[in-house]
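Here is a sequence with its predicted model. Questions after.
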Amino acid sequence: MTMERARRWGVAGALWLALGAAPAVAATPVASVATLVQRAEQELAAHPGRAVADYERARLLAPRAPEVRAGLARARAAAGLPANSPGRLPRLLDRLSPDEWSRLALAALALAAATATAAAWRVRPRWTRPAAVLGAAVALAAGGAAWQTAPRATDAIVVGADTVARIAPFASAEQAFVAPEGARVAIQGAHQGFTRIESDRGAGWVPSSAVERIIPPS
Amino acid sequence: MAGLALLAALAAPRAARAATSRAPARALFRLQLDGGARSLVVGQAVPVTIRAAFLAGTGVTLNGAPRLVSDGFTLSGLPDKPRQTEVRRDGLPYVELTWTGALTAIQAGAPAPAVELPVELSYRAPVSAPTPPADDSDGNNPFASLFANTPLASDPFFAQMMKDDPFKGFFQDLGGAVRQREVTLRDQAARVTVAPPPQPAPAGYAGAVGTFHATSDLSAGPFHVGEPLTLTVKVTGRGSFSRLASSGVAESQALSAYPPRATFTAGGGPTEGTKLFTQTLVPRQAGALEIPAVTLVTFDPQRHRYLTERTRPFSVTVAAAPEGEPAAASGAPSPRVEAAPRPARVEADTTPRALLPAIRRPWFWWTAAALVAAACLASAAASAAARRLARRAFRRYQRRLVISQARRRMDAALAAGDAPALFGAAREGLQACLARAWSVPPEAISAADVESRLGSRGQQVRALFEQADRCTYGGAGRSPANLEHWRQVAAHELDALKEVA
């Protein structure tokens, strides 16, 4: 490898680090399962909505932990929400965390890329071609699962009891619906202490303190 | 006796009170304990009615809700807006405001409760009696009241024409000045005795006094280890619901229990309603599970004794958790299955990890894009290399084709004894091979080129080229006799050049 080529690769790597890897090492919200579960148990009786939010966060980190699943069910029951009875596909998706699905997709993509390259160079094409196809299929499936299960930055939990959603962002506005505590909603915007949410009951403005993002802003 | 706040003289000047001793009350205020309760027990709640009546025409502004001024009682359940009706008292119209609420005794031996209501009244003060005119002549002047201060008053024509004053007393009848006054209406209930409940109180008594009835319900099965179930205790009746508490089902080895949550729904009366205790329970073991009765201890003021209400217990069958453990057979003793909550495992996981999944982070997409780009670049390079190889193979094929054609032509010429054809075919084959190696047109290669480029290595090729030239330009007489030899030489050189090219 000539010096010129090495220099080009160095520049490309530095650019990749600057654009891709740098945000990865930037400050992201972190938590441990133990802390989340402990806090959720403390809040379960008085603030079941907050307990639901903490258990949802714990489920992101430890989806296979039965105590987390049971705790989430308890918190939902304490908040008065109906029991969650997911179908076969959601149960399958819940076997891995969104982060694990993401990394599996990336690993499968790496395998697909490597074997596709090998197949293109005719290195054992009898094995590399099926491996490339399999890797691409696994990457697509795992990526889809990760995309489906990973909460958006706008996903939030109603933590206020009997939170009234109004049609406008002020206290005297007409009531739109009552957002049940512990329910999952999507945040659409904020204005002067009010947050616009969208749930299965409709869209409306609630006090900003009544909703908590599942993934807190860093 | 309930008190009456008489504010009759409020609107009249002090000097006129004697003359207006029968003036109607402008405001009446009354606190009434419904049912005529005389003796209460600490914790007992009784409905109360607070009435404030104002004489029609009196402007009233409430400066607050009725407030209790006794330390031994609490007042609760008052509506924000009172009920407003029109009533008649002593033949006079009144506007009556009514609040209903619950009065709860909280201290033994407390004096009778009193309530206050701050209001602002506005009313028109009645005028004093008209004074007789100082001058009799003025009394006969019909325009004295209206034109006394005008130039017309001294006009004899007007004085003669208007004998009787039509406006006499008109402005006096309109009343006096409007007055506003802030007052606090107050009334004290009749004497009420408050006694403590009998001692000692039974265990579990939280101070609820009244008549209550409790029922319980359990969420629908099937039940599994680790999955929560909900026990609901519904208490209806009349009394101090705020003091009604339940600790719910206690935690046991077979059951995780969380503190119950209470919600109250008001009923028809101020002390009536329904209180729901909702408790989340989590079975820890598979098999038969007994959910014990929930006990509520209250004091019944009518019977004057403590009552212990027990809900019915529940017997359910709990199956093992769905994660592979076999479900316990109904009614049969089952092996103890570890409960779902395993806090030790969770508590050990104290490693801080990023909550944001990788797929929502930029590096994931950059890495995926880099992998795809690398694969595409490598595939493109492989494709280019393959095309290059194919081109080489095609050239090799073309060369071999030319050589094989030249050999066939040489063989045919040898068989026919045609020397020009033999050397011509040999030269064309050699020119084709050298042309591909040197990247020049085949016909442009001459014997001199061969000598200059190949040197001694091209001696035979040059000799073949010269023989071909002799045959071409010298005629048949210049042809060599040993054609077989030259054919072998040409074949050997073609084989050698095939590898070079």
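Sure, I can see it.

Show me which helix or strand of chain A is least confident by mean pLDDT.
Every helix and strand in chain A was compared by mean pLDDT, DSSP states H and E; the lowest is helix A:22-25, with a mean of 53.

Give the burial count for residue 81, as a bare number.
Because you didn't say which chain, this covers chain A. Residue A:81: 19 surrounding residues under other C-beta atoms under 10 Å in any protein chain shown. To be clear about C-beta, it is placed using only N, CA and C from the backbone, and glycine gets the same treatment.

Chain B is the one I meant
Number of residues near residue B:81 (other C-beta under 10 Å) recorded here: 9.

and what of residue A:201?
Using other C-beta under 10 Å, residue A:201 has 15 neighbouring residues.

And the one 3 residues further on, by the same measure?
Around residue A:204 there are 26 other residues, counting by other C-beta under 10 Å.

Then the one 5 residues further on?
For residue A:209, the count of nearby residues is 11 (other C-beta under 10 Å).

What of residue A:136?
Summarising burial for residue A:136: neighbours were counted as other C-beta under 10 Å, giving 19.

how about it, what does it touch?
The neighbours of residue A:136, taking C-beta atoms under 8 Å, 6 or more residues apart in numbering or on different chains as the test, are A:108, A:109, A:112, A:116.

tell me, which of the residues you listed make contact with chain B?
A:109, A:112, A:116 (C-beta under 8 Å from any C-beta of the partner chain).

Now neighbour count too, for these, in TSV please.
Converted to TSV, the ones next to chain B among the contacts of residue A:136 look like this (neighbours: other C-beta atoms under 10 Å in any protein chain shown):
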residue	neighbour count
A:109	23
A:112	23
A:116	25
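
and the residue nearest to residue B:282 when sequence neighbours are not counted, what helix or strand is that in?
Computed as C-beta to C-beta, 6 or more residues apart in numbering or on different chains, the closest residue to residue B:282 that is not its neighbour in sequence is residue B:256, at 4.1 Å. Element membership for residue B:256 (DSSP states H and E) is strand B:255-257.

Residues contacting the helix or strand just after that strand, please?
The element immediately downstream of strand B:255-257 (helix or strand, assigned by DSSP H and E) is strand B:261-266. Strand B:261-266 is contacted from outside by A:45, A:78, B:77, B:241-242, B:245-246, B:272-279, using C-beta under 8 Å, 6+ apart.

which among the residues you listed end up buried?
By neighbour count, with 16 or more other C-beta atoms under 10 Å in any protein chain shown, the contacts of strand B:261-266 hold A:78, B:77, B:241-242, B:245-246, B:272-273, B:275-279 as buried.

Can you tell me which of those residues comes closest to residue A:190?
residue A:78 (27.9 Å; C-beta to C-beta).

can you map out the helices along the stretch 401-501 of chain B?
Per DSSP state H, counting those that start in this stretch, the stretch 401-501 of chain B carries helices over the ranges B:419-438, B:447-454, B:459-474, B:483-500.

could I get the third one in CSV with only the CA atoms?
In other words, helix B:459-474. What follows is helix B:459-474, C-alpha atoms only, in CSV (Å, rounded to 0.1, in the frame of the first residue of the first chain):
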residue,chain,number,x,y,z
GLN,B,459,16.0,-15.3,-36.5
GLN,B,460,13.6,-18.1,-37.7
VAL,B,461,10.7,-15.7,-37.9
ARG,B,462,12.7,-13.3,-39.9
ALA,B,463,13.8,-16.1,-42.2
LEU,B,464,10.2,-17.1,-42.7
PHE,B,465,9.2,-13.5,-43.5
GLU,B,466,12.0,-13.3,-46.1
GLN,B,467,11.0,-16.6,-47.7
ALA,B,468,7.5,-15.4,-47.9
ASP,B,469,8.6,-12.2,-49.5
ARG,B,470,10.7,-14.2,-52.0
CYS,B,471,7.8,-16.4,-52.9
THR,B,472,5.5,-13.4,-53.2
TYR,B,473,7.7,-11.2,-55.2
GLY,B,474,10.1,-13.7,-56.8
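
Sweet, I'm off.
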